[in-house]
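Chemist: Test case, fold it:
(one chain, ligands or ions: 1)
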Amino acid sequence: MRKMMKMMGDGLCFDGKAVLAPMVRVGTLPMRLLALDCGADIVYCEELIDIKMAQCKRVVNDVLETVDFVAPDERVMFRTCREEKSRVVFQMGTADPERALTVAKLVENDVAAVDVNMGCPKEYSTKGGMGSALLSDPEKIEAILSTLVNGISKPVTCKIRILPTLEDTVRLVKRIERTGVAAIAVHGRMKEERPRHPVHCDYIQAVAESVSIPVIANGGSSDIVKSFEDIETFRAATGASSVMIARAAMWNPSVFRQQGALSVERVMEDYIKYAVRYENNPFNTKYCLCQMLRDRVESPLGKRLHAAQTTEEICEVFGLTDFYMKTSAELKARKAALHTNGDQSETPKLEDDVITMPVRFERRDYPPQISPKMFLLEWSRKEKLDQPVYETEQRAQDRAFQSTVTAADKKYRSTLWEKSKKFAEQAAAVACLRALGLPEGRIGEESSGLVNKRKRDDNKCAPLNDNESATRKRHLSEVPQEAEEEVICRTKVVNGDCGPTTSEH
Ligand SMILES: Cc1cc2nc3c(=O)[nH]c(=O)nc-3n(C[C@H](O)[C@H](O)[C@H](O)COP(=O)(O)O)c2cc1C
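Modeler: Numbering: from 1, shown residues only. Got it, this is the predicted structure:
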């Protein structure tokens with residue numbers, strides 16, 4: 001019955017839609033929201049690998065009003081929000097039906113549909129039996145898709161490339177249709193073909209004629225789809241129900257805009273605003289902006305963007321400092337309000353002789369090269385105290401780490417266990433600094449003057465030449481290492497049975 005319902009198209013409808021294609025690094029939340037604003041009907045996230053996703057925990061982020069899927073190392077693998085919930089498709093890379101189901105169940109209540117990537121020809125995908133490697137294993141395809149269709153309540157789709165012959169391609173998609181998928185996206189190129197090769201509209205057309213589920217035509221960027229009108233041209237040329245666009249949208253997501261494309265400058269500005277609002281990783285933001293700049297990456301603007309290391313610096317490059325300040329202040333205020341409204345969890349407690357607090361070190365909260373350990377070390381030096389000493393334990397059952405730092409003759413620890421020794425030490429430093437009411441270097445925190453922060457040239461918006469750029473990079477990477485190498489660290493294994501620990505220093 002469920003399978004029948006899905007075939008009849010309950011949930012997300014894939015007919016007559018303009019779709020943002022899945023794109024690694026490009027299809028994160030800011031790009032998806034921007035594409036929706038511009039007129040896309042459905043947006044696919046970047047491909048996320050099942051093994052990594054299966055380790056994530058689902059975290060409701062009240063400050064950003066997002067749902068985050070967070071890896072053990074605290075990286076946000078997938079961030080989504082209410083605005084896209086009914087239109088976002090979660091794409092995964094998988095070669096294992098049960099693991100695929102575990103991941104699909106983890107995300108199903110936060111997305112509109114789940115897709116399996118069967119088209120990626122890159123080695124990192126195919127060597128694990130994922131991506132286009134699946135195309136030569138129809139039993140595996142059937143097992144994965146049937147398991148998903150029967151196991152989750154949301155529509156399931158898949159994205160394939162065409163096979164060397166039309167007959168084999170049609171045979172495969174008919175087999176896929178029988179699993180109960182709601183739609184199939186067809187990239188009209190064979191796995192050996194590159195983006196510069198022309199797309200095979202005739203193959204997509206043959207597929208569209210042979211199945212009754214919606215077929216989403218893909219592969220038209222550059223040769224066919226350059227503007228909004230071309231989306232319909234591509235659809236008509238393939239006889240497909242819908243069109244999926246990757247590169248043309250990556251270069252300028254306003255290709256989805258019926259009223260006509262916006263300038264790249266305007267689109268970049270809107271993109272950055274979403275990146276600030278949703279605390280997108282600055283390196284991901286930079287990557288997407290560089291794709292939009294295309295052959296202008298070597299221009300003065302491109303070079304200034306290249307030199308930017310934080311979201312704040314990216315905003316400076318694009319004259320969006322006021323927006324950055326205002327939005328960061330709003331997010332900070334919301335965070336503070338949420339903490340005072342009942343969340344007293346960060347109140348320090350005394351356990352035996354250790355002051356504890358349930359805090360984590362979130363790398364994304366700090367500028368690159370800045371860390372709480374550095375701040376604690378500098379504070380100790382300034383106060384002429386012994387330098388902080390870190391003692392780390394590793395738990396046997398899950399090999400997680402917990403550090404205790406001794407600073408100013410007192411011990412501090414986070415009650416939360418971390419997946420790495422490095423993060424456990426940082427968390428202990430955070431607990432200490434917060435208990436003492438000291439600055440810790442977080443983005444948006446008022447400048448404390450405790451640490452030799454990066455030198456910011458008055459004219460830092462001016463493009464750097466290669467030598468200047470290299471010198472600046474060296475300078476940036478040297479400061480914290482020097483500071484942190486002096487910190488004393490010891491590791492011991494608790495319960496004794498989990499072998500040597502790996503030092504991440
Ligand atoms: C930067 C980039 C990343 C991509 N990542 C993915 C991905 O994660 N999953 C996927 O199925 N295809 C991925 N693709 C392939 C596209 O989804 C699409 O099939 C291909 O680019 C052809 O469509 P187009 O002509 O509109 O660009 C990626 C393509 C690009 C350019």
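
Chemist: Domain ranges for this structure, per the record?
Modeler: Following automatic domain parsing, one gets these domains for the chain: 2-262, 279-343, 354-494.

Chemist: Which residues of the protein lie near the ligand?
Modeler: The chain has residues 21-24, 26, 46-47, 91, 117, 119-120, 159, 187, 195, 218-221, 245-248, 250 near the ligand, with proximity defined as Cβ under 6 Å from any ligand atom. Backbone N, C-alpha and C define where each C-beta goes, glycine included.

Chemist: In ChimeraX, how would I select the buried members of the residues you listed?
Modeler: To isolate the buried members of these in ChimeraX, using 16 or more other Cβ atoms under 10 Å:
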select :21,22,23,24,26,46,47,91,117,119,120,159,187,218,219,220,221,245,246,247,248,250
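
Chemist: So which of the residues of the chain next to the ligand are in strands?
Modeler: Counting by DSSP state E, the residues of the chain next to the ligand place 91, 117, 159, 187, 218, 245 in strands.

Chemist: For those, work out which two are farthest apart.
Modeler: N117 and I245 (16.5 Å; Cβ to Cβ).

Chemist: Double-check that K384 belongs to a strand.
Modeler: No. Looking at K384 with DSSP: H, G, I helix; E, B strand; the rest coil, it is coil, so not inside a strand.

Chemist: So for it, what pLDDT did the model give?
Modeler: What the model reports as pLDDT for K384 is 92.

Chemist: got the contact list for it?
Modeler: With contacts taken as Cβ atoms under 8 Å, 6 or more residues apart in numbering, K384 has no neighbouring residues.

Chemist: and if you look at P138?
Modeler: By Cβ under 8 Å, 6+ apart, the neighbours of P138 are 172, 175.

Chemist: Same question for T285.
Modeler: Counting by Cβ under 8 Å, 6+ apart, T285 touches 30, 271-272, 275, 311, 314.

Chemist: do the same with N284
Modeler: 25, 28.

Chemist: and the host helix or strand of it, how far from the chain's centre?
Modeler: Using DSSP states H and E, N284 sits within helix 282-293. Centroid separation for helix 282-293 versus its chain: 13 Å, with Cα atoms, centre = their mean, to the nearest Å.

Chemist: so how far is the ligand from D409?
Modeler: 52 Å (Cβ to the nearest ligand atom, to the nearest Å).

Chemist: what do you get for S263?
Modeler: Applying Cβ to the nearest ligand atom, the value for S263 to the ligand is 21 Å.

Chemist: For that residue, grab the count of nearby residues.
Modeler: The tally of other residues near S263 (other Cβ atoms under 10 Å) stands at 10.

Chemist: any idea how far Y274 is from it?
Modeler: Per Cβ to Cβ, to the nearest Å, S263 is found 17 Å from Y274.

Chemist: before we move on, what about C120?
Modeler: For C120 relative to Y274 (Cβ to Cβ), the value is 26 Å.

Chemist: now swap in V107 and tell me
Modeler: Where Y274 is concerned, V107 sits at a distance of 21 Å (Cβ to Cβ).

Chemist: what about the stretch 301-450 of the chain, any weak spots by pLDDT?
Modeler: 341-345, 397, 444, 446-450 (pLDDT under 70).

Chemist: same thing with the chain?
Modeler: Using pLDDT under 70, the chain drops low at 1-10, 341-345, 397, 444, 446-505.

Chemist: mind redoing it with 80?
Modeler: Across the chain, the ranges flagged by pLDDT under 80 are 1-10, 339-347, 364, 396-398, 443-505.

Chemist: State the number of residues packed around N109.
Modeler: Using other Cβ under 10 Å, the number of residues around N109 comes to 12.

Chemist: got it, and E418?
Modeler: For E418, the neighbour count with other Cβ under 10 Å is 23.

Chemist: pretty sure it contacts A431?
Modeler: No. Between E418 and A431 there is no contact under Cβ atoms under 8 Å: 11.9 Å.

Chemist: So D68: helix, strand or coil?
Modeler: Classified using three-state DSSP, D68 is strand.

Chemist: got the contact list for it?
Modeler: 58-61, 76, 78-79.

Chemist: make it 6 Å
Modeler: D68 is in contact with 59, 61, 76, 79, counting by Cβ atoms under 6 Å, 6 or more residues apart in numbering.

Chemist: swap in V63?
Modeler: 331, 334-335 are the contacts of V63 under Cβ under 6 Å, 6+ apart.

Chemist: Of those, keep whichever come out buried.
Modeler: For those, a burial check counting by 16+ other Cβ under 10 Å picks out L331.

Chemist: And the contacts of V63, which is closest to the ligand?
Modeler: Comparing these against the ligand with Cβ to the nearest ligand atom places L331 closest, at 28.8 Å.

Chemist: give me the element that closest one is part of.
Modeler: In the assignment (DSSP H and E), L331 maps to helix 321-340.

Chemist: Repeat that for L64.
Modeler: Under the criterion of DSSP H and E, L64 resides outside all helices and strands.

Chemist: Run through the residues that contact it.
Modeler: Applying Cβ under 6 Å, 6+ apart, one finds that L64 lies in contact with Y278.

Chemist: Starting from E167, give me the distance back to it.
Modeler: 49 Å.

Chemist: residue contacts, V60?
Modeler: Taking Cβ under 6 Å, 6+ apart as the test, what V60 contacts is V67.

Chemist: That one falls within a strand, correct?
Modeler: Yes. When three-state DSSP is applied, V60 is found to be in a strand.
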